[in-house]
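Undergrad: Here you go, sequence then predicted model.
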Amino acid sequence: MAKKATARKRAAKKSTGRKGKKLLTKADVMRKCKQLSNWGKWGPDDELGVLNYITPEDIANAAKLVRKGKVFRLGLNLDENGPQNGLFGGRWNPMHQMLATGTDAVQGIQEPLAGMRYADDAINLPTQAATQWDALSHVFTDDKMWNGYDATLVDVRGAHKNGIEKFADKMVGRGVLLDVARYKGKKRLADGYEITIHDLENTAKKQGVEVRRGDFVIFNTGQMADCLDKGEWGGYGGGDAPGLGFETVDWIHEKQIAGICSDTWGIEVRPNKSVPGLNQPWHWVTIPHIGIVHGEIWYLRELVEDCAEDGVYEFFLCAPPLVITRGTGSPINPQAIK
């Protein structure tokens, strides 16, 4: 009997993490996918997910939040100094190439061909190299994406369902900043710090802001600002990071928000110690089943400072993607207007 009791204690110890928190398995994640699934909620042909929560009235009310006419760009620079270092998916930093220059013009090369003097250029980048939206075709759970569409509908020609172009006129509304780092008394949350529902709720309470249906919720960890201050990205583009814990999928579903965004590479905590052995299990639930878009690698420095100064953590957000036909993501330069 003593040996059996010892074995049970060992098994129990293995199934719990720090502070006695129960560790989750793949089966637990799949159950959560089913429990929180919004498939069919807006019909069998829907490709917008929780963006359906935003009404014209919500947008009109969000526009009323513009009181001082101050605009904050939330997009990271698109250049070779970006955060990508090949840690995930072979992504690279934007490459900017000049096609025609002032030197060409002065040398008289252009006029015989074009009859004018000009400059022209091009960029080459993955759609998720810097500040960007994920489309609902970006992540699959097993062989399905949002609303039960088959994963094979994303082929070499792109996403034939749930493409980013479906969001072209949808990414506007009320934005809410949750400065979790400031709430925790930190300039930067540590890599691996798991943001809990308690953290989100208490941050909102301390800031005096309410998270409502149809909001775009942006949370700050301080990770990007710290990397920029140090002049070194380190493992930012695919490595360890502070972020949302797995439990927050319930909060996102319950709040009926329209988008979730952060200053980190992947929004969820890395590594996710609550679900050992699975890579980014929070993503398995959020994009394919809840149907919520992710805004990642958002530049928040000036917005964070202004919100702390005036105590106003809500604003009008305008963040349309590029209209990339069948795209699974898009670079953006979101604008927060207060």
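TA: Cool, got the structure.

Undergrad: Quick check: next helix or strand after the helix or strand of the chain with the lowest mean pLDDT?
TA: Ranking every helix and strand in the chain by mean pLDDT, DSSP states H and E puts helix 2-14 at the bottom, with a mean of 41. Of the helices and strands lying after helix 2-14 in sequence (DSSP states H and E), the nearest is helix 26-35.

Undergrad: Buried ones in the next helix or strand after that next one, by neighbour count?
TA: Sequence-wise, the next helix or strand downstream of helix 26-35 (DSSP H and E) is helix 56-63. Applying a neighbour-count criterion of 16 or more other Cβ atoms under 10 Å, one finds D58, I59, A62 buried in helix 56-63. All C-beta spots, glycine's among them, are computed from the backbone N, C-alpha and C.

Undergrad: give the contact list for the nearest residue to the last one once chain neighbours are set aside.
TA: The spatial neighbour of A62 that comes closest, neighbours along the chain excluded (Cβ to Cβ, 6 or more residues apart in numbering), is R174 at 4.1 Å. Contacts here follow Cβ atoms under 8 Å, 6 or more residues apart in numbering; on that basis R174 touches D58, N61, A62, L65, R212, G214, D215, F216, E314, F315, F316, L317.

Undergrad: now, which of the residues you listed sits nearest I252?
TA: D215 (10.8 Å; Cβ to Cβ).

Undergrad: My read is that that closest one contacts C261, right?
TA: No. Counting by Cβ atoms under 8 Å, D215 stays clear of C261, with 10.6 Å between them.

Undergrad: For L36, see how far away T196 is.
TA: Distance from T196 to L36, counting by Cβ to Cβ, to the nearest Å: 17 Å.

Undergrad: hmm, I was thinking of K68
TA: 38 Å.

Undergrad: neighbour count winner among these two?
TA: L36 (17 against 10; other Cβ atoms under 10 Å).

Undergrad: Quick check, that one in contact with T248.
TA: No. Using Cβ under 8 Å, L36 is not in contact with T248; the gap is 11.3 Å.

Undergrad: so where's the stretch 51-200 of the chain uncertain?
TA: Within the stretch 51-200 of the chain, the segments meeting pLDDT under 70 span 114.

Undergrad: what's the following helix or strand after the longest strand along the chain?
TA: If you go by DSSP state E, the chain has its longest strand at strand 172-179. The helix or strand immediately downstream of strand 172-179 is helix 180-183, counting by DSSP H and E.

Undergrad: Now do that next one: distance to the chain's middle.
TA: 18 Å (Cα atoms, centre = their mean, to the nearest Å).

Undergrad: again, but for stretch 103-114
TA: From the chain centre to the centre of stretch 103-114 is a distance of 44 Å (Cα atoms, centre = their mean).

Undergrad: Stretch 44-64 now?
TA: Its chain's average C-alpha position is 18 Å from that of stretch 44-64, according to Cα atoms, centre = their mean.

Undergrad: So A122 is in contact with Q97, correct?
TA: Yes. Between A122 and Q97 there is a contact at 5.1 Å, judged by Cβ under 8 Å.

Undergrad: Many thanks, I have nothing further to ask.
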